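> Just a sequence and a predicted model for now, questions to come.
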Amino acid sequence: MEEQELESMLKDLESDLVERKASLSDPDRIRQVICAYANDLPNHRKPGFIFIGANDDGSCSGLEISDELLLKISNLKDDGKIQPFPSMSIDKKSINGCMMVLVQVEPSNSPPVRLSGVTWIRVGPRRARATPEEEKRLAERRRSRDLPFDLQPVPSATIEDLDLELFEHEYLPHAIDPSVLDQNTRSMEDKLKALRFLTPDGQPTVLGILVLGKDTLRFIPGAYVQFLRLEGVDLTDPIRHQREIAGPIPDLLRRIDEILEANNSVSISIVSESVEIRRSEYPLPALQQLIRNAILHRTYEGTNAPVRVYWFSDRIEIHNPGGPFGLVTKENFGQPGVTDYRNPHLAEAMHVLGYVQRFGMGIQIARKQLLDNGNPPPEFTIEENYILAAVRRRA
């Protein structure tokens with residue numbers, strides 16, 4: 001945008017697509033604005049703008065625009081508090097000699113967008129929590145075209161194929177703010193629609209089947225993890241243990257953790273009569289991060305291949321049927337801050353369930369855990385159709 005256009009927008013105190021903030025002193029208020037613009041309840045179909053470094057009247061607040069500030073604003077998108085991920089850009093701008101940060105938020109293709117389980121909206125000067133009726137309007141407006149694969153409908157499935165008890169007792173209390181749940185009188189079907197497990201027409205989505213499906217493999221044949229423990233260093237060596245792990249995501253991840261713990265040897269070093277050091281062959285958090293990354297970032301479309309975990313005597317290999325996606329390339333794979341999501345709503349669900357704490361940090365956490373445990377760093381093979389992560393045993 002030209003400076004003159006930005007100046008005009010900044011001074012337009014009547015526009016409900018412009019918000020001004022003197023500083024970043026209250027990040028949650030800015031998150032609320034981002035959430036409200038992403039939901040676009042008035043259906044402007046235009047981006048909303050936040051000028052950080054401007055007073056309420058549009059004048060300059062004199063905020064210092066440092067790299068640290070820009071990083072903090074950028075983290076508002078990726079820290080997991082706003083779900084699903086908002087589409088937003090952040091730019092440093094000079095307007096009438098005043099440096100500001102301009103945040104541009106695009107309307108979401110898959111509302112409602114929530115901040116810590118609460119849906120925020122804006123109509124005119126009002127910014128508030130959405131009522132159940134307003135949330136329903138947002139869900140019904142969800143666009144069916146150009147949606148990611150995890151929100152596509154599963155034509156042969158019905159609501160009967162979803163585990164509603166799992167949804168109500170395990171997922172819902174973590175996904176929606178308790179104060180909102182207390183006032184929620186919507187039907188079970190409307191709740192499933194609001195959290196994208198059903199389409200606005202009542203059809204289960206791929207997300208619904210992956211997270212809540214009673215028989216996941218009936219609809220998505222590749223949605224499982226193949227675990228193979230071998231006695232040697234080659235696939236031709238004798239098989240010690242073999243499992244196919246399937247089921248809704250909460251059960252799947254729990255069972256994988258149990259298998260990893262059961263197979264991971266722990267050595268004990270006696271330092272003194274009162275001190276002993278316990279250290280495992282592989283740090284469990286590193287394996288968890290890499291396997292969860294594979295489940296999250298894999299492609300579920302066009303392949304029936306599972307995520308494969310091969311446990312050799314000298315290493316563990318994790319095969320992900322899905323190459324780099326979006327902003328991630330073979331060259332920048334694994335670099336801090338470089339991330340994109342083939343399955344953004346599955347990422348949201350795994351965050352809600354507590355299996356993803358902070359987005360874009362899985363590989364960094366795995367590297368640190370391996371280093372602290374005395375293992376070599378992970379090795380990655382990046383190809384167009386798959387990613388292989390290899391973790392070497394601690395010497």
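Ah, there it is.

> Can you tell me what sits against the helix or strand containing Ala349?
Using DSSP states H and E, Ala349 maps to helix 344-352. Under the contact criterion CB atoms under 8 Å, 6 or more residues apart in numbering, helix 344-352 has outside partners 80, 83-85, 110, 148, 150-151, 171, 174-175, 196, 207, 210-211, 249, 253, 292, 295-296, 341, 356-357, 359. Where you see a C-beta, it was placed from the backbone N, CA and C, and this is true even at glycine.

> how about 7 Å then?
80, 83-85, 148, 150-151, 171, 174-175, 196, 207, 210-211, 249, 292, 296, 341, 356, 359 (CB atoms under 7 Å, 6 or more residues apart in numbering).

> Using neighbour counts, trim those to the buried set.
Neighbour counting by 16 or more other CB atoms under 10 Å classes 80, 83-85, 148, 150-151, 171, 175, 196, 207, 210-211, 249, 292, 296, 341, 356, 359 among the contacts of helix 344-352 as buried.

> Sort out for me which of the residues you listed are in helices.
When DSSP state H is applied, the buried ones among the contacts of helix 344-352 are split such that 175, 207, 210-211, 249, 292, 296 fall in helices.

> Make CSV from those and add distance to Asp190 to it.
Formatted as CSV, those follow (distance: CB to CB, whole Å):
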residue, distance to Asp190
Ala175, 14
Leu207, 16
Leu210, 21
Val211, 17
Ile249, 22
Arg292, 30
Leu296, 27
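
> Burial check on Asn385, number of neighbours?
Residues contacting Asn385 under the criterion other CB atoms under 10 Å number 12.

> What is the burial count for the residue nearest to it when sequence neighbours are not counted?
Closest residue to Asn385 apart from its sequence neighbours, by CB to CB, 6 or more residues apart in numbering: Gly323 at 5.2 Å. If you count neighbours by other CB under 10 Å, Gly323 ends up with 19.

> tell me which element Gly323 is part of?
Counting by DSSP H and E, Gly323 is part of no helix or strand.

> wait, what's in contact with it?
Gly323 makes contact with 383-387, according to CB under 7 Å, 6+ apart.

> Filter the residues you listed down to the buried ones.
Buried, going by 16+ other CB under 10 Å: 386-387, out of those.

> Tell me who's in contact with Asp40.
Asp40 is in contact with Pro107, counting by CB under 7 Å, 6+ apart.

> How much space separates it from Ile256?
Distance of Asp40 to Ile256, given as CB to CB, to the nearest Å: 38 Å.

> again, but for Arg243
Going from Arg243 to Ile256 by CB to CB gives 9 Å.

> Please name the residues that touch the residue nearest to Gly322 when sequence neighbours are not counted.
Counting by CB to CB, 6+ apart, Gly322 lies nearest to Thr299, which is 3.7 Å off, once chain neighbours are set aside. Contact analysis of Thr299 by CB under 7 Å, 6+ apart lists 321-322, 342.

> and of the residues you listed, the nearest to Glu64?
Closest to Glu64 out of those is Arg342 (37.8 Å), distances taken as CB to CB.

> Around the closest one, how many other residues sit close by?
21.

> was I right about it contacting His297?
Yes - counting by CB atoms under 7 Å, Arg342 does reach His297; the two are 5.9 Å apart.

> joint contacts of the two?
322, 325.

> How about Leu252: what's its closest non-neighbour residue?
Closest residue to Leu252 apart from its sequence neighbours, by CB to CB, 6+ apart: Ile245 at 6.0 Å.

> Could you point out which residue ranges in the stretch 1-150 of the chain have low pLDDT?
143-146 (pLDDT under 70).

> which stretches of it form strands?
Using DSSP state E, counting those that start in this stretch, the strands found in the stretch 1-150 of the chain span residues 18-21, 48-52, 82-83, 88-95, 98-105, 114-115, 118-123, 126-129.

> Of these, which stretch is the most buried?
Comparing the strands of the stretch 1-150 of the chain by mean neighbour count (mean count of other CB atoms under 10 Å), strand 114-115 ranks first with a mean of 24.

> Thank you, goodbye.
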